[in-house]
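**Student:** Just a sequence and a predicted model for now, questions to come.
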Amino acid sequence: MRFPRPAAAVVALGAVLALAACTSPTPEVQTGAALTVSAAGTFTSANARAEHARTAANADVGYLTSSGFGYYDPSGQLVLDTSFGKAEIVKQAPFTVRYTLADQVQWSDGTAIDATDLLLTWAAESGALDSDDTDGLVDPATGLLGADAPADTVRFGAPAGGILAAATSTPTIRDAGRAIEVEYAHPVAGWQIALEPSVPAHVIGESALKAGSASAGSKAVQAAIRAGSGEQLAAVARAWAGGWDFTATPDDADLLVSSGPYRIQKVDAETVTLIRNDRYHGDRAARVPSLSLVYRADPNQSIAALSQGSLDVARLRIGSDFAAVSGVESASTAVGSTSRVEYLEVNTESPRNGAMLDSAFRRALLLAIPRQDVVDQLFDGVGTDASPLDSWVSAPGDGDYADAAASNGSAAYSADAKKTLDDVLADARVSSRSVCVLYDSTNPRRVAAFQIMKAAVEQYDIDLVDCGATDWQTRLAQPSTWDVALRSWDSAHATRPGAVETLGSDELDGSPLLQPDDEIADAVDRVAEATTTTAHQSALRALDSALWSTDDTLLPLYAVPAVISHGPKLGALKPSPLARSVLWNAWTWRAVAVSSSPSPSSSS
């Protein structure tokens with residue numbers, strides 16, 4: 001969504017905040033500079049690739065302390081990082097990719113990143129070596145194997161269904177340990193970025209396998225993986241899965257070894273302090289030596305800290321947060337959309353009211369939903385040009401959004417289509433028009449959306465029953481407890497090929513793709529296997545159309561907005577609507593001198 005400037009202190013994302021500095025391989029380090037950013041949550045693990053550790057806070061830290069073959073810019077385009085290495089297709093059948101590391105890449109302890117680190121990434125994230133039927137051995141309190149699991153049980157615990165799930169054969173190491181060749185069962189989207197080491201193999205070798213040196217540790221890990229099973233591999237898997245879990249600065253400094261522009265210096269209950277990795281020699285070298293991520297559960301505390309100058313970047317919510325931060329004269333604030341889509345899903349599997357099985361009633365119900373009113377009332381005071389979302393895979397402002405909306409089937413829910421609502425409703429053969437709407441009752445935005453929709457559909461004698469609950473996610477799986485659910489999903493998993501996991505992964509909680517019909521399933525397969533830009537765009541168009549033709553069971557409402565505010569110490573930002581938000585290029589940030597009377601427009 002795009003929003004105009006509602007107050008003098010607010011700037012458009014496409015203008016002032018788009019003034020991000022260009023990346024340089026050898027940036028000038030701003031000695032003594034330090035910036036503080038609001039965190040998405042509490043930090044619990046330095047290995048965000050493990051399933052139990054996949055939180056936004058952990059992923060933010062992992063992103064800044066890791067290196068890989070590429071990353072995504074705000075438009076969803078893949079930026080290849082050749083300073084880390086290169087990926088190239090060496091064979092089409094079977095689909096085989098060679099990943100070659102650049103000569104200078106190393107961990108922050110000075111140990112070279114080598115093919116064993118890539119091999120470990122494959123072993124962990126492909127799931128190819130995991131023992132069968134390990135779910136019953138997992139301790140629900142930790143998400144890790146319990147102490148009573150057999151010593152030879154292998155469970156890395158990476159999310160199922162990732163890019164590497166299609167690579168079930170052990171890769172081949174090439175070029176004297178500087179390259180690795182991975183064979184996939186079929187072409188995969190995102191093949192360029194499939195291998196991103198999250199933890200160092202040599203540290204696992206030294207700690208879990210008791211190797212006496214970094215070199216010996218790397219060799220021991222490689223041998224365990226090549227063995228394919230056994231207690232040595234089980235020890236490697238346990239270390240990878242849970243060995244980097246900590247909520248305070250660990251005594252073992254090896255757990256702080258990183259490969260990215262930053263490394264962890266200190267961790268406490270609220271703050272993760274990152275410092276510049278002086279042994280990083282890639283294109284993403286950091287300018288600002290110290291970056292602290294601070295979590296405050298109360299956004300008012302973040303706004304107060306921003307006003308006082310103890311917080312430099314605040315990631316806030318639309319609504320009261322926006323109104324409060326707009327009054328901070330020293331802050332520059334912008335509102336933009338995220339890749340998270342709010343949508344309605346109709347329950348046709350086991351609804352509380354059998355009326356949901358009547359196709360005419362479902363269509364009338366979704367036509368009656370006042371999407372424009374929802375947007376206007378939820379975001380009143382932020383802008384007047386906000387509009388309902390008319391594409392599942394593209395957002396207003398994207399270059400292809402207008403074309404997508406014109407051809408994907410969204411016109412079936414347009415203002416003109418709504419004129420047919422009375423006729424459609426007359427065709428419904430239902431005894432009750434009562435509709436139980438399930439949603440998160442702790443989410444103020446969803447509470448408000450429900451009230452707006454309830455008032456609007458009463459004119460059609462449709463009664464929306466408030467079924468909001470704190471345990472709404474649990475109730476989603478319970479039969480006959482709801483008719484319509486108000487929920488969201490991160491559409492970046494569709495727009496970015498191979499973002500982290502494939503579209504059908506059970507990691508996508510809330511995804512409309514979890515139980516797809518044949519048309520959606522075919523489109524998902526096309527997206528997941530698209531290896532060129534042309535094929536990817538064609539597959540996305542097919543997926544968009546398929547999601548709009550689900551027999552009136554899905555209806556997108558809007559892209560969830562985000563509020564980004566920064567103080568005068570930070571000269572420019574270019575936030576991304578994708579998961580990493582403002583941090584997507586934090587290594588390019590430049591701190592600026594603050595005058596005694598900072599201007600609200602200091603970033604311009």
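**Tutor:** Received the coordinates, thanks.
**Student:** partners of the helix or strand T100 falls within in the sheet?
**Tutor:** Per DSSP states H and E: T100 is located in strand 96-101. Strand 96-101 has the following strand partners under DSSP bridges: strand 85-91 (antiparallel), strand 179-183 (antiparallel).
**Student:** tilt between the very next helix or strand once past it and strand 85-91?
**Tutor:** Moving toward the C-terminus from strand 96-101, the first helix or strand encountered (DSSP H and E) is helix 115-126. Inter-element angle recorded for helix 115-126 and strand 85-91: 70 degrees (by axes from the mean of the first three to the mean of the last three CA atoms, to 10 degrees).
**Student:** Figure out how far helix 115-126 is from the centre of its chain.
**Tutor:** 22 Å (CA atoms, centre = their mean, to the nearest Å).
**Student:** Report all helices and strands that the following helix or strand past it contacts.
**Tutor:** Using DSSP H and E, the helix or strand that directly follows helix 115-126 along the chain is strand 138-139. With contacts taken as 3 or more CB pairs under 8 Å, 6 or more residues apart in numbering; DSSP states H and E, strand 138-139 sits against strand 144-145. C-beta coordinates here come from the backbone N, C-alpha and C atoms, glycine included.
**Student:** so what's the nearest residue to A59 once chain neighbours are set aside up against?
**Tutor:** Of all residues not flanking A59 in the chain, A48 sits nearest, at 4.4 Å (CB to CB, 6 or more residues apart in numbering). Contact partners of A48, counting by CB atoms under 8 Å, 6 or more residues apart in numbering, are 54-55, 58-59, 61-62, 198.
**Student:** hmm, which two among those residues are most spread apart?
**Tutor:** T55 and S198 (14.1 Å; CB to CB).
**Student:** quick one: which of these two has more around it?
**Tutor:** Shown here are T55 and S198; by other CB atoms under 10 Å, S198 has more neighbours (25 against 16).
**Student:** Which helix or which strand is home to the more buried one?
**Tutor:** Here S198 is assigned to no helix or strand, by DSSP H and E.
**Student:** Check what pLDDT it gets.
**Tutor:** Per-residue pLDDT puts S198 at 95.
**Student:** R287 and G567: what is the separation?
**Tutor:** As judged by CB to CB, to the nearest Å, R287 and G567 stand 17 Å apart.
**Student:** These two - which one has more neighbours?
**Tutor:** G567 (25 against 20).
**Student:** just checking, that one touches D312?
**Tutor:** Yes: applying CB atoms under 8 Å as the test, G567 and D312 come out as touching, 5.0 Å apart.
**Student:** Give me the common contacts of the two.
**Tutor:** Taking CB under 8 Å, 6+ apart as the contact rule, G567 and D312 both touch L306.
**Student:** if we can go back for a sec, over to the residue nearest to A59. Which of the three states is it?
**Tutor:** Following DSSP: H, G, I helix; E, B strand; the rest coil, A48 is assigned to coil.
**Student:** Backbone dihedrals for it, please?
**Tutor:** Backbone torsions of A48, given as degrees, to the nearest 10, read phi -70, psi 0.
**Student:** and it, how far is that from W244?
**Tutor:** A48 sits 9 Å away from W244, going by CB to CB.
**Student:** With L101 instead?
**Tutor:** Going from L101 to W244 by CB to CB gives 22 Å.
**Student:** And for V375?
**Tutor:** Distance from V375 to W244, by CB to CB: 42 Å.
**Student:** sorry, back to before: which residues does the strand holding T100 contact?
**Tutor:** Outside strand 96-101, the residues within contact range by CB under 8 Å, 6+ apart are 69, 84-90, 113-115, 118, 174-175, 178-184, 191, 194-195.
**Student:** what is the mean pLDDT for that strand?
**Tutor:** Per-residue scores along strand 96-101 average to 98.
**Student:** Stretch 534-541 now?
**Tutor:** What stretch 534-541 shows for mean pLDDT is 87.
**Student:** how distant is it from the center of its chain?
**Tutor:** Put simply, stretch 534-541 sits 21 Å off its chain's centre (CA atoms, centre = their mean).
**Student:** Stretch 311-322 now?
**Tutor:** Centre-to-centre, stretch 311-322 and its host chain are 19 Å apart (CA atoms, centre = their mean).
**Student:** end to end, how far does it reach?
**Tutor:** Taking CA to CA, to the nearest Å, stretch 311-322 runs 16 Å from one end to the other.
**Student:** Now that stretch: buried residues?
**Tutor:** Neighbour-count burial for stretch 311-322, counted by 16 or more other CB atoms under 10 Å, picks out 311-316, 318-319, 321-322.
**Student:** quick one on the thing from earlier: please produce TSV containing the strands paired with strand 96-101, extended by distance to V138, mean neighbour count and mean pLDDT.
**Tutor:** Shown next, in TSV, are the strands paired with strand 96-101 (distance: least, CB to CB, whole Å; neighbours: other CB atoms under 10 Å; pLDDT from 0 to 100):
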stretch	distance to V138	mean neighbour count	mean pLDDT
strand 85-91	33	16	97
strand 179-183	28	21	98
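**Student:** could you redo those strands as JSON lines and give each row distance to D278?
**Tutor:** As requested, the strands paired with strand 96-101 are exported to JSON lines (distance: least, CB to CB, whole Å):
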{"stretch": "strand 85-91", "distance to D278": "21"}
{"stretch": "strand 179-183", "distance to D278": "27"}
